[in-house]
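Enquirer: Give the three-dimensional model of this entry:
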Amino acid sequence: MQDQVFVLDAASLQPSIDMFSHSERVGYLMQHGAHAMAFSTMQPDMEYFDVPGIGFMSYARYWGMQFVLSDPVCDPKHLNIILDKFVTHFPNAAFAQVSKAVVDHLHWKHGYYGTQFGSELRIELSNWHLRGARKQIIRTAINQAKVQGIEIKEGPFDRYTKTISEAWIKTRRCKNNEIRFLIRPMLMDYKENTRYFYAYHEGQAVAFVFFDPIYLDGKLVGYVPNISRSCALFKQGLWYALMAYAIDVFRHEGVAYVDLGLVPLMLADECEPQESRLLRSLMSVIRERGDMLYNFKGLQFAKSRFDGQVTKTYCCHRNALPALAMAGMFRLTRII
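Expert: Predicted coordinates for the structure are as follows:
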């Protein structure tokens, strides 16, 4: 291992901003895109920190600050190398939705706080079933969809997609804009291997879920539902019915898992040594009283019905209470 690190450092593999071509970046994504947000690093208006022979990191700027999205897209054995190079260039950058491996290195070597700001839930499809009390709401949604004459099927991008999305946004806490950065835009140029599932009522699309691919070692191993919208008239159940249908399709195709993605502010009870207790306390208050900003509890309830394996996800920050960075993140994501 020491010899390998020495060779990489000695080979003059100097990092650069936006050095890779699109096809080179896609190549790294397909080899090392196992993080649930890896595909979202390809969304518009992102900047890239590229290290030849290793991989890339994706980040956005706001108010002069750099906000890194997800783990670096690289082999895990090169994680520390690319993080060190990035922090050298951007010593005050903040990191969003990163794994414990990233937290540990940034904390112990660079003095960052690493505070949990949510959870991710993964469903292993080889064991997927609809049994159990927790999944009753999914079974009910499937039955209600049938009674209402809903037809669910996979297809190309439907012409009613934008209409459904605009109507759906008016029912949300954030009525003016779609959230970005932590959720990639619905429309983006790069969409290789994305999958679209629609619910139709009397021949017209009334709800949809878009899935993004997850890669490892050049193979597609999973999907993450990154965009979902539903007509307000059917909002009580179509998302569950769409998810159950798509999961069954993926399971029969031999896909390993579906990652349900981020559940923001779904926090464990215990606080880890590297976490900021001040920030944890503030996030707990936001979760309990910030219902006007985002439906934190509703999203946790809906995703937890699928009984997936829970993994913590973190943010990394320089100050115990990064007020300016938090405000910048909320503005960047358009939550406020």
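
Enquirer: who touches stretch 153-170?
Expert: Applying Cβ atoms under 8 Å, 6 or more residues apart in numbering, the contact partners of stretch 153-170 are 175, 177-178, 186, 195-198, 200, 204-208, 229-232, 246, 249. The C-beta positions use only the backbone N, C-alpha and C, and glycine is treated the same way.

Enquirer: how about the CA coordinates for it, as PDB?
Expert: Output in PDB follows, covering the C-alpha atoms of stretch 153-170 (Å, rounded to 0.1, in the frame of the first residue of the first chain):
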ATOM      1  CA  LYS A 153     -45.500   1.100 -16.500                       C
ATOM      2  CA  GLU A 154     -41.900   2.100 -17.500                       C
ATOM      3  CA  GLY A 155     -41.500   4.300 -20.500                       C
ATOM      4  CA  PRO A 156     -39.700   7.200 -22.100                       C
ATOM      5  CA  PHE A 157     -40.000  10.800 -20.900                       C
ATOM      6  CA  ASP A 158     -43.700  11.600 -21.000                       C
ATOM      7  CA  ARG A 159     -45.000  15.000 -22.300                       C
ATOM      8  CA  TYR A 160     -47.100  15.500 -19.100                       C
ATOM      9  CA  THR A 161     -44.000  15.300 -16.800                       C
ATOM     10  CA  LYS A 162     -43.500  19.100 -16.500                       C
ATOM     11  CA  THR A 163     -47.200  19.700 -15.900                       C
ATOM     12  CA  ILE A 164     -47.300  17.100 -13.100                       C
ATOM     13  CA  SER A 165     -44.100  18.600 -11.600                       C
ATOM     14  CA  GLU A 166     -45.400  22.200 -11.600                       C
ATOM     15  CA  ALA A 167     -48.700  21.200 -10.000                       C
ATOM     16  CA  TRP A 168     -46.900  19.000  -7.400                       C
ATOM     17  CA  ILE A 169     -44.500  21.800  -6.400                       C
ATOM     18  CA  LYS A 170     -47.400  24.000  -5.500                       C
END
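
Enquirer: for it, what is the average pLDDT?
Expert: In this model, stretch 153-170 has an average pLDDT of 82.

Enquirer: can you check stretch 277-296 too?
Expert: 87.

Enquirer: Can you name the helix or strand that the most centrally placed residue in the chain falls in?
Expert: In the chain, the C-alpha nearest the mean C-alpha coordinate belongs to residue 37, at 4.0 Å (Cα atoms, centre = their mean). Secondary structure assignment for residue 37, by DSSP states H and E: no helix or strand.

Enquirer: rewinding a little: just the ones in strands from the contacts of stretch 153-170, please.
Expert: 195-198, 200, 204-208, 229-230 (DSSP state E).

Enquirer: Any of those buried? List them.
Expert: Neighbour-count burial (16 or more other Cβ atoms under 10 Å) is assigned, among these, to 195-198, 200, 205-208, 229-230.

Enquirer: CSV for those residues, including pLDDT and distance to residue 92?
Expert: Listed next are those as CSV, based on pLDDT from 0 to 100; distance: Cβ to Cβ, whole Å:
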residue, pLDDT, distance to residue 92
195, 97, 38
196, 96, 39
197, 96, 41
198, 95, 44
200, 93, 49
205, 91, 45
206, 90, 46
207, 92, 42
208, 93, 39
229, 88, 36
230, 84, 40
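
Enquirer: Leaving out chain neighbours, which residue sits closest to residue 248?
Expert: Nearest residue to residue 248, sequence neighbours excluded (Cβ to Cβ, 6 or more residues apart in numbering): residue 128, at 7.8 Å.

Enquirer: which ones are touching the one you found?
Expert: If you count contacts by Cβ under 8 Å, 6+ apart, residue 128 has them with 247-248, 251.

Enquirer: Reformat these as a markdown table; add neighbour count and distance to residue 144.
Expert: Formatted as a markdown table, the contacts of residue 128 follow (neighbours: other Cβ atoms under 10 Å; distance: Cβ to Cβ, whole Å):
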| residue | neighbour count | distance to residue 144 |
| --- | --- | --- |
| 247 | 22 | 18 |
| 248 | 13 | 17 |
| 251 | 19 | 22 |
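
Enquirer: Just these: which are in helices?
Expert: Among the contacts of residue 128, the members falling in helices are 247-248, 251 (criterion: DSSP state H).

Enquirer: Go through the residues you listed and name the one nearest residue 106.
Expert: residue 247 (34.3 Å; Cβ to Cβ).

Enquirer: can you tell me which residues contact that closest one?
Expert: Here residue 247 is in contact with 123, 125, 128, 258 (criterion: Cβ under 8 Å, 6+ apart).

Enquirer: quick one: the strands in the stretch 151-300 of the chain?
Expert: With DSSP state E, counting those that start in this stretch as the criterion, the stretch 151-300 of the chain has strands at 195-201, 204-216, 219-230, 257-264.

Enquirer: which strands and helices sit next to the second one?
Expert: Identification of packing neighbours for strand 204-216 by 3 or more Cβ pairs under 8 Å, 6 or more residues apart in numbering; DSSP states H and E yields helix 22-32, helix 161-169, strand 195-201, strand 219-230, helix 238-253, strand 257-264.
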